[in-house]
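In: With the sequence up front, the predicted model follows.
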Amino acid sequence: MLYGALEAGGTKMVCAVGNENGEILERVSIPTVTPEETLPKLAGFFKGKKIEALGIACFGPIDLNRGSETYGYITTTPKTAWKNCDIVGYMKKELGVPVGFDTDVNGSMLGEASWGCAKGLDTAIYITIGTGIGIGVMANGKLIHGMQHPEGGHIILKSHPEDTYKGHCPYHGTCLEGMANGPAIEDRWGKKGVELADNPKVWEFESYYIAQALVDYIMVLSPQKIILGGGVMHQEHMLPLIHKKTKELLNGYINTREIEQMEEYIVLPSLNDDQGIMGAVKLAMEEVEYEKKNV
Ligand code: ADP
Ligand code: ZN
């Protein structure tokens, strides 16, 4: 069986065809411009490819409530051209196949749970630290949507005692995203993260914020695995700092095997940056099952 997969991002759209084993057989990358210009190109890629269904792992916020009139829409995104864009409706109409839909981070979570380092687990989180910060959550084997979907990038944190940066989240200032995403690093230090690899202070602050967030997620969700992805995590030397600070902040309160073995608990993605697109394949597969049960 062939499945279509779309990883919809703010700068590029990755379109792929994969199979039921998550193998990616073909892919292209299309720049994200406006819906008018970009959507027909996406549909054009998938037409004639004999896909059973399409899965879309999408930047957000998006409407995941199947009972809502705007289900399948990108809703209040800061990428204004895409506000109120019915991406699922458009692809369904053009391709005539079931279309699965979830957040980009839930897509990556699903990819890792299906074919990567979270395989066999039922509760785990995937965090991306890039232009934005988002978390995908799987609890008891299901991706969490709830009222909308988790927005774990915007949790409120304590500032580092030596960090006077005011944060740049327009809604919360010093939330996790406001303090620790790629643009916050660049704004605070006047250089991109990639050029700051040798400045220990940068990564001291960065790991301080990430560790605080992880402790909150651990306390609330009790994940069996935490996966850290996104461009900023290419600074892999930060990982041991994150392990150390997370352990310090937990302060002995939780004593599970996972916390003892931090190196295996808080990890980088395991699918060579294909976790998102592979997750989108799985979203397509799951939508076929959903339609069998519900239509
Ligand atoms: P996006 O979030 O836009 O999908 P990325 O996950 O690649 O894409 O995140 C981009 C952000 O990550 C930018 O702010 C960039 O400066 C930062 N970034 C990318 N690579 C690195 C790196 N090697 N070290 C530190 N920061 C990086
Ligand atoms: Zn915020």
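Out: Nice, thanks for sending it over. Ligands and ions are numbered 1, 2, ... in the order given.
In: Who are the contact partners of His172?
Out: 154, 156, 178 (CB atoms under 8 Å, 6 or more residues apart in numbering). C-beta coordinates here come from the backbone N, C-alpha and C atoms, glycine included.
In: For the chain, which segments count as helices?
Out: For the chain, applying DSSP state H gives helices covering 35-46, 87-95, 104-115, 176-180, 182-189, 200-221, 238-250, 257-260, 262-265, 275-294.
In: now the fifth one against helix 200-221, angle please.
Out: Right, the one you point to is helix 182-189. Going by axes from the mean of the first three to the mean of the last three CA atoms, to 10 degrees, helix 182-189 is angled at 140 degrees with respect to helix 200-221.
In: Likewise for the last one?
Out: Computed with the same axes, to 10 degrees, the direction of helix 275-294 lies at 20 degrees from that of helix 200-221.
In: quick one: is helix 275-294 near ligand 1?
Out: No - if you take CB under 6 Å from any ligand atom as the test, helix 275-294 misses ligand 1, and the best it gets is 9.2 Å.
In: Report the backbone C-alpha coordinates of that helix in CSV.
Out: Taking Å, rounded to 0.1, in the frame of the first residue of the first chain, the C-alpha atoms of helix 275-294 are listed here in CSV:
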residue,chain,number,x,y,z
GLN,A,275,10.3,11.3,12.3
GLY,A,276,7.9,13.9,11.0
ILE,A,277,7.4,12.6,7.5
MET,A,278,7.2,9.0,8.8
GLY,A,279,4.6,10.1,11.4
ALA,A,280,2.6,11.7,8.5
VAL,A,281,2.6,8.3,6.8
LYS,A,282,1.2,6.8,10.0
LEU,A,283,-1.4,9.5,10.2
ALA,A,284,-2.6,8.5,6.7
MET,A,285,-2.7,4.8,7.8
GLU,A,286,-4.7,5.6,10.9
GLU,A,287,-7.2,7.7,8.9
VAL,A,288,-8.0,4.7,6.7
GLU,A,289,-8.8,2.8,9.9
TYR,A,290,-10.8,5.7,11.2
GLU,A,291,-12.9,5.9,8.1
LYS,A,292,-13.6,2.2,8.1
LYS,A,293,-15.0,2.5,11.6
ASN,A,294,-16.9,5.7,11.2
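In: tell me the angle of it relative to helix 87-95?
Out: Using the same axes, to 10 degrees: helix 275-294 against helix 87-95 is 70 degrees.
In: I'd like to know which elements helix 275-294 is packed against.
Out: Packing partners of helix 275-294 (3 or more CB pairs under 8 Å, 6 or more residues apart in numbering; DSSP states H and E): strand 2-8, strand 12-19, strand 24-31, strand 54-58, strand 99-103, helix 104-115.
In: cutoff 6 Å now
Out: On a contact count with 3 or more CB pairs under 6 Å, 6 or more residues apart in numbering; DSSP states H and E, helix 275-294 meets strand 2-8, strand 12-19, strand 54-58, strand 99-103, helix 104-115.
In: can you list those in JSON lines and add distance to ligand 1, mean pLDDT and mean neighbour count?
Out: Listed next are the helices and strands packed on helix 275-294 as JSON lines, based on distance: least, CB to the nearest ligand atom, whole Å; pLDDT from 0 to 100; neighbours: other CB atoms under 10 Å:
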{"stretch": "strand 2-8", "distance to ligand 1": "9", "mean pLDDT": "98", "mean neighbour count": "27"}
{"stretch": "strand 12-19", "distance to ligand 1": "8", "mean pLDDT": "98", "mean neighbour count": "21"}
{"stretch": "strand 54-58", "distance to ligand 1": "12", "mean pLDDT": "98", "mean neighbour count": "30"}
{"stretch": "strand 99-103", "distance to ligand 1": "13", "mean pLDDT": "98", "mean neighbour count": "27"}
{"stretch": "helix 104-115", "distance to ligand 1": "8", "mean pLDDT": "98", "mean neighbour count": "28"}
